[in-house]
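Student: return a 3D structure for these sequence lines:
(chains A and B)
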Protein chains: 2
Amino acid sequence: MSNQSVTAPRGFLAAGLASGVKVSGKRDLGLLVCPTGAVAAAMFTTNRIASAAVQVSREHIETRKTYAVVVNSGNANACTGKKGMANARAMCARTAGHLGVEPQEVLVASTGIIGHQLPMDKVTAGIDQAAPLLSDTAQAGLDFAHAIMTTDTRCKQAYREVKLGRATARIAGTVKGAGMIGPNMATTLLFITTDAAISKSSLGKALSEAIGGSLNRLTVDGHQSTNDTAILLASGLAGNDRITGPSSNYRKFLAALTDLCTDLVHQMALDAEGATRMFQVVVKGAASKAEATKAARAVADYPLFKCAVHGGDPNWGRIICAVGSSGVKLDPDKVSCKLDGLFVFRNGAPTDFSVKEASKIISQRQFVITVDLGAGRHSDFYYGCDLSAEYVRINADYHT
Amino acid sequence: MSNQSVTAPRGFLAAGLASGVKVSGKRDLGLLVCPTGAVAAAMFTTNRIASAAVQVSREHIETRKTYAVVVNSGNANACTGKKGMANARAMCARTAGHLGVEPQEVLVASTGIIGHQLPMDKVTAGIDQAAPLLSDTAQAGLDFAHAIMTTDTRCKQAYREVKLGRATARIAGTVKGAGMIGPNMATTLLFITTDAAISKSSLGKALSEAIGGSLNRLTVDGHQSTNDTAILLASGLAGNDRITGPSSNYRKFLAALTDLCTDLVHQMALDAEGATRMFQVVVKGAASKAEATKAARAVADYPLFKCAVHGGDPNWGRIICAVGSSGVKLDPDKVSCKLDGLFVFRNGAPTDFSVKEASKIISQRQFVITVDLGAGRHSDFYYGCDLSAEYVRINADYHT
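Tutor: Numbering: from 1, shown residues only, chains lettered A, B, ... in the order given. As a prediction, this is how the structure comes out:
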């Protein structure tokens, strides 16, 4: 199979290895490099407590060109005070030294346990070892994808091609998911490469729009972490006419980028900690789009319903309860609810549905819940996943 | 031991039996009666979808005197349309018939599965059987307390006495807890009796204040159910000078009532579905009281932290993450966090605390987390409990 990793678009090199930050001995340090310099866009957590890596990258994203991203997993470098900030800066400087560029031309991301200082001897040695390994092979991209994982059980990659005039641009992405997935903003670590030629402002707009309709529609436990980071690097080597504003090429690029992000969202939801199935909650008939979003999210975030999904139990009362609890405007005599195509509640009263059929629907790996509030003409959706005993086990034992 | 059930205050009778609504054959129907007519106050769910019982009781609370409350468990009579409303009214009428009072002088409450019609033949027969059993014994009060339980593993009762001038007033309460405990508003079913003489408006004010500082400070899964109901009945037989407005007797009564509710909150938290320990989150240094409340609730509601508590793991990073994620104003360089008396994070940086000591604190049955936001002078608190694999098992299998 051809390369579908972050090194698939023209002009990118990657590496990933085990530096020793993770006691498991798994890969925990990655480099992603664009030797010709990339146009970069990024989105960061809205958490008021941001990791040192996020704080440093927020500064560095302001430069015209970005040459590299350095990432570690196993340690979030968050809540680590001044020393943590110095360590995040040192990671950029060390990487920049190997590439002969400025520290502010390097972005940094971290993920893992909060509140512990990075073991900088290991991180520094890891960067020194990774630099000579940088390569444009599929394996190098895969190594990078593995280096960003924490409790993920598999690595997540997606790849798309898009025709821009006579040229073909490539887009590839990798994401680490699992727990702490709650909008809004990027959520988790996401790295996307493309060889499309595009201005910094158009790239930023495309990233924001694509994530708004994909990653920002997934909730696993309703929280943003201190470290959420999404970075999009564009090498500009695809040979297309440079995208500089709204145009048909911009829209094509955005569509492909959104499609890639949606693919990654599905991979994340199905690999959420302990998750065995995912669902989409569509809310219609809302008084405003914001109310539709709020109601959809209330269902996707509701522990009791997530447990019912885990049990393959069509306990639709919990859907209606969550919607009502969200406080959105609704008409109790018009509220309806469907599981895939099956009405279980219609105009404020239960239907005579087959419990066997409903159980079958809710036991699928993916299904759709549709709720009509009967209060207006607006709609929106959210993705969610089941809540399992395994989620608790993973998160009760994470630290020790 | 003397009677500490809802029949302990003068002027109350109770009964509880198994009518067959619960397939388990456990008690599921209760009557609480004040033959002389009680002054009543009530608070109901803020869920936009309210059960038929809540809708009917909202009407009936407007009457001057209340003679009885009829309660069933095993079926919520929620999302049941017009038929559900007729059934709730029929429960009041049947009870009123036995007492020779008007249907609107009876309140009704239901709890259990949502979206199923009540088996009215069983409920009606149950009311008929319960009426002749009405008694002022401790056992009758205990039978009533058992009849309101769903997934509770033990029944919850509390009792207080308060001196009002030369008279002594008694207050007793029983609550059903377990899942679906999220403010704001009453939450779950709560029934309190008192023999204090007090006006309807003062009684309503006292109930609202007492619950605001107790039940409304507990979150188990962050949602209000369709059925949350708190009812306070005052027989007026204690012989005190009738409380009709702000006074030292009002404050004494309120203090005793709040203390009783707080006792019940602790019983609820420690018997929440699958819970093994509870904690109080105190947030100080907030820019406003509302922000302190929001931050405290964010911690108490955070699944990742609740899992860590279950694992006895002092993963304080998740506390700080939840606080930051809540979006409240804070000063990152001044934020501090204590587990009981132990600082784990101080002025934006981790301390050199003993992990062993921190683990010991967080493994207690009850402990206190204190977070200082460094952004103001306001404070508030929330109660929460751990999240266990058992919670998932209970809620994945509840329906079937």
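Student: domains of chain A?
Tutor: A:13-270, A:278-396 (automatic domain parsing).
Student: which stretches of the stretch 251-400 of chain A have low pLDDT?
Tutor: A:395, A:397-400 (pLDDT under 70).
Student: all strands of it, in order?
Tutor: Listed in chain order, the strands of the stretch 251-400 of chain A (DSSP state E, counting those that start in this stretch) span A:278-286, A:336-339, A:342-346, A:349-350, A:366-372, A:378-385.
Student: could those strands be laid out in JSON lines, adding mean neighbour count and distance to chain B?
Tutor: For glycine as for every other residue, the C-beta is placed from the backbone atoms N, C-alpha and C. Converted to JSON lines, the strands of the stretch 251-400 of chain A look like this (neighbours: other CB atoms under 10 Å in any protein chain shown; distance: least, CB to the nearest CB, whole Å):
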{"stretch": "strand A:278-286", "mean neighbour count": "24", "distance to chain B": "12"}
{"stretch": "strand A:336-339", "mean neighbour count": "22", "distance to chain B": "9"}
{"stretch": "strand A:342-346", "mean neighbour count": "20", "distance to chain B": "6"}
{"stretch": "strand A:349-350", "mean neighbour count": "20", "distance to chain B": "3"}
{"stretch": "strand A:366-372", "mean neighbour count": "20", "distance to chain B": "11"}
{"stretch": "strand A:378-385", "mean neighbour count": "23", "distance to chain B": "12"}
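Student: A:Gly204 and A:Ile61 touch, don't they?
Tutor: No: checked against CB atoms under 8 Å, the pair A:Gly204 and A:Ile61 is beyond contact range at 9.1 Å.
Student: any shared contact partners between the two?
Tutor: A:Ala41 (CB atoms under 8 Å, 6 or more residues apart in numbering or on different chains).
Student: for A:Gly126, helix, strand, or coil?
Tutor: Under the three-state scheme (DSSP: H, G, I helix; E, B strand; the rest coil), A:Gly126 adopts helix.
Student: and it, how far from chain B?
Tutor: When distance is defined by CB to the nearest CB, to the nearest Å, A:Gly126 is 23 Å away from chain B.
Student: quick one, what contacts the residue in the stretch 1-150 of chain A that chain B sits nearest to?
Tutor: Residue of the stretch 1-150 of chain A nearest chain B, by CB to the nearest CB: A:Ile114 (2.5 Å). Contacts for A:Ile114 were tallied using CB under 8 Å, 6+ apart; they are A:76, A:78-79, A:226, B:315, B:317-318, B:320-321.
Student: per-residue pLDDT, it?
Tutor: You'll see A:Ile114 listed with a pLDDT of 85.
Student: what about the residue lying closest to it once chain neighbours are set aside, neighbour count?
Tutor: In this structure, A:Ile114 finds its nearest non-sequential neighbour in B:Gly317, 2.5 Å apart by CB to CB, 6 or more residues apart in numbering or on different chains. For B:Gly317, the count of nearby residues is 28 (other CB atoms under 10 Å in any protein chain shown).
Student: now do the buried residues in stretch A:111-121.
Tutor: A:111-116, A:118-119 (16 or more other CB atoms under 10 Å in any protein chain shown).
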